[in-house]
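Peer 1: Everything below, folded, please.
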Amino acid sequence: MRNIIFTSAIAITASMASAQEGPPLGCYAREYSQAHLQAHPKQVARSLTMMIHDQADGEFTNRFAYLVVDFANQGHVKRDGHGAQRLDQSLICWESGEGLTGCSVECDGGSFSVTRETDSAITIATQTLWMGDTEGCGGAIDLAEVPGRTVKYRLNKVDMAVCLATVEN
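Peer 2: Residues are numbered from 1 along each chain as shown. Just a heads-up that it's a prediction; the model follows:
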């Protein structure tokens, strides 16, 4: 999967003119300090890196997100024995009739919606978003701090090289 994403990322930088439905193109990242994690013991994400990119498929171009999460060793992931892992997920992006944008995991593996976007950041909200292998409609870890309860993550817009480096690793 990483080779497909890497190839897609190169294609993005070559042609970003296509306006597709979904969150804005770019690379977004956030790393939380140990002090922040200690102040928020239910938070499961230590860092998030997300690349929003377009991928051509014949005459159609679709928008996708590739999300990589380094999980903290706390909250429900620690309790369930899944702490301190790095997992990734590919999502299909969309725009609702009301102008809401977001991205979803196939096979009902959850989604996120964009609640705020600026030139320098994007805030996403999720109640359920399964990370890792979703073969058979499952997943290893739910990104929500409390599954079923909305959690928001603000990610800062960063240079595309950050996402490409994450994909390569």
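
Peer 1: Need the three-state assignment for the spatially most central residue of the chain.
Peer 2: The chain has Leu67 as the residue nearest its centroid, 3.3 Å off, counting by C-alpha atoms, centre = their mean. Secondary structure, DSSP: H, G, I helix; E, B strand; the rest coil: Leu67 is strand.

Peer 1: Cys107 too?
Peer 2: Cys107 is classified as coil under three-state DSSP.

Peer 1: How many neighbouring residues does it have?
Peer 2: Neighbour count of Cys107, defined by other C-beta atoms under 10 Å: 13. From N, CA and C alone the C-beta is placed, and that goes for glycine too.

Peer 1: returning to what we had before: gap between the residue nearest to the centre of the chain and Pro24?
Peer 2: Relative to Pro24, Leu67 is positioned 15 Å away (C-beta to C-beta, to the nearest Å).

Peer 1: which residues does Ser111 bridge with?
Peer 2: Ser104 (DSSP bridges).

Peer 1: give me every residue that touches it.
Peer 2: Leu91, Gly102, Cys103, Ser104, Val105, Thr126, Thr128, Leu129 (C-beta atoms under 8 Å, 6 or more residues apart in numbering).
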